[in-house]
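Student: Sharing a sequence plus its predicted fold:
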Amino acid sequence: MTLKQAIVQFTPPRVIHLGKWIADSDYRHKSRHLSRLKKLLRYQVATTEILGKPIEIADSKSFLWMYDEIFEREIYSFRARVEAPYIIDCGANIGLSVLYFKRLYPQSRVVAFEPDQKIFDILNRNIQNSGYGSVDLHRCAVWTSETNLSFMREGADGGRLAGPGDSNDVLVPTVRLRDYLSQPVDFLKLDIEGAEVDVLADCANELQNVDTLFVEYLSFAERPQRIDELTTILTEAGYRLHIHPPVTSPQPFMRREVLGGMDMQLNVFAFRQ
């Protein structure tokens, strides 16, 4: 252990926080904005400048979760083989992932999908205000065909194509994701709230064109699990997988946490060796 590591390990967190507050202006900037956002009510539309330029948010709790995953832990970080990678973002929400991709690769071309009209409007404003180009936004859900399907609006990051037991709030247009995979894709992100296995099964033969793939898998408590289908599709397409559980039930034999109808969530990272 180095002297610096020992100092950090044995220094109380409050002292470390105070030291960073004094020495690091970026840390002070983030801390102020995070503190304000934590005080907001759920589903309260607000604006934050935590990333520099103003960003409109639909819900503070979901924003804080996404900000931590995307900008602090950088779960979408990847090595592109070209300077201008082609990125497909399915389930773009208010645009944090798009903003991250454009910061990571400013010359990238991003195609993003978001079906919820309210959330899409915020996404559109955030991307316009960012000044980034080469971003194509589509107000539709990705699916296995072009049609119109019932959609359950949640107001933040939990809207989804309606399944058994869901309220059918509104019809949304869908596109067939497979149609977008006929050319090389450097990064594909699937955060589509339960439709991921059906969509990947439909795209299986085209996944050869996708270099790196992120999938959020959701397990609904009252529906059969499909983890086996998901991993089979990805491994047969030639990917190696890492699987992270961002939300867990510490004692699932005794008590399973059910949030939004889901008893498990997995982040699946699929990559070529």
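Tutor: Thanks, I have the structure now. Residues are numbered from 1 along each chain as shown.
Student: Which residue ranges of the stretch 51-200 of the chain form helices?
Tutor: 60-67, 96-104, 117-130, 196-203 (DSSP state H, counting those that start in this stretch).
Student: tell me the most buried of those helices?
Tutor: Stretch with highest mean neighbour count among the helices of the stretch 51-200 of the chain: helix 96-104 (a mean of 22; mean count of other CB atoms under 10 Å). C-beta: built from backbone N, CA, C; applies to glycine.
Student: Show me what it packs onto, helices and strands only.
Tutor: helix 60-67, strand 86-90, strand 109-113, helix 117-130 (3 or more CB pairs under 8 Å, 6 or more residues apart in numbering; DSSP states H and E).
Student: coming back round to it: got a markdown table for the helices of the stretch 51-200 of the chain, with distance to R226 too?
Tutor: Output for the helices of the stretch 51-200 of the chain, formatted as a markdown table (distance: least, CB to CB, whole Å):
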| stretch | distance to R226 |
| --- | --- |
| helix 60-67 | 24 |
| helix 96-104 | 24 |
| helix 117-130 | 26 |
| helix 196-203 | 5 |
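Student: Can you tell me which of the ones you listed is nearest to T231?
Tutor: helix 196-203 (10.2 Å; CB to CB).
Student: what's the helix or strand just after the closest one packed up against?
Tutor: The C-terminal neighbour of helix 196-203 among helices and strands, as given by DSSP states H and E, is strand 210-220. Contacts defined by 3+ CB pairs under 8 Å, 6+ apart place strand 210-220 against strand 185-190, helix 196-203, helix 227-236, strand 262-271.
Student: what's in contact with strand 210-220?
Tutor: 75-76, 78, 81, 91, 163, 181, 184-194, 196-197, 200, 207, 225, 227, 230, 234, 237, 239, 261-272 (CB atoms under 8 Å, 6 or more residues apart in numbering).
Student: Partner strands of that strand, with direction?
Tutor: Paired with strand 210-220 in the same sheet, following DSSP bridges, are strand 185-190 (parallel), strand 262-271 (antiparallel).
Student: so can I have TSV of the helices of the stretch 51-200 of the chain showing mean pLDDT and distance to P250?
Tutor: Output for the helices of the stretch 51-200 of the chain, formatted as TSV (pLDDT from 0 to 100; distance: least, CB to CB, whole Å):
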stretch	mean pLDDT	distance to P250
helix 60-67	95	19
helix 96-104	98	28
helix 117-130	97	32
helix 196-203	97	25
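Student: For T48, which of the ones you listed is the nearest?
Tutor: Closest among those, using CB to CB: helix 60-67, at 7.5 Å.
Student: Verify the contact between S60 and L34 for me.
Tutor: No. In this structure, S60 is not within contact of L34 by CB atoms under 8 Å, at 9.9 Å.
Student: State the phi and psi torsions of P245.
Tutor: phi -100, psi 100 (degrees, to the nearest 10).
Student: ok, it - contacts?
Tutor: Applying CB under 8 Å, 6+ apart, we find P245 in contact with 264-267.
Student: so where's the stretch 51-200 of the chain uncertain?
Tutor: 168 (pLDDT under 70).
Student: switch the cut-off to 80
Tutor: Scanning the stretch 51-200 of the chain for pLDDT under 80 picks out 164-165, 167-169.
Student: so V142 bridges to which residues?
Tutor: V175.
Student: repeat for F214
Tutor: K189, F269.
Student: got it, and L149?
Tutor: Residues in beta-bridge contact with L149 (DSSP bridges): V172.
Student: ok, it touching T174?
Tutor: Yes. Shown here, L149 and T174 form a contact pair, counting by CB under 8 Å, at 5.6 Å.
Student: Which of these two has more residues huddled nearby?
Tutor: Ranked by neighbour count (other CB atoms under 10 Å), L149 and T174 place T174 first, with 22 against 18.
Student: Now that one. Nearest residue, chain neighbours left out?
Tutor: When the adjacent residues along the chain are set aside, T174 lies closest to W143, with 3.8 Å between them (CB to CB, 6 or more residues apart in numbering).
Student: Roughly how far does the one residue sitting closest to the centre of the chain sit from N126?
Tutor: Taking CA atoms, centre = their mean, the centroid of the chain lies closest to D191, which sits 5.6 Å from it. Remark: distance between D191 and N126 (CB to CB, to the nearest Å) = 17 Å.
Student: just to revisit the earlier point, just say which of the helices and strands packed on strand 210-220 is most tucked in.
Tutor: Comparing the helices and strands packed on strand 210-220 by mean count of other CB under 10 Å gives strand 185-190 as most buried, with a mean of 23.
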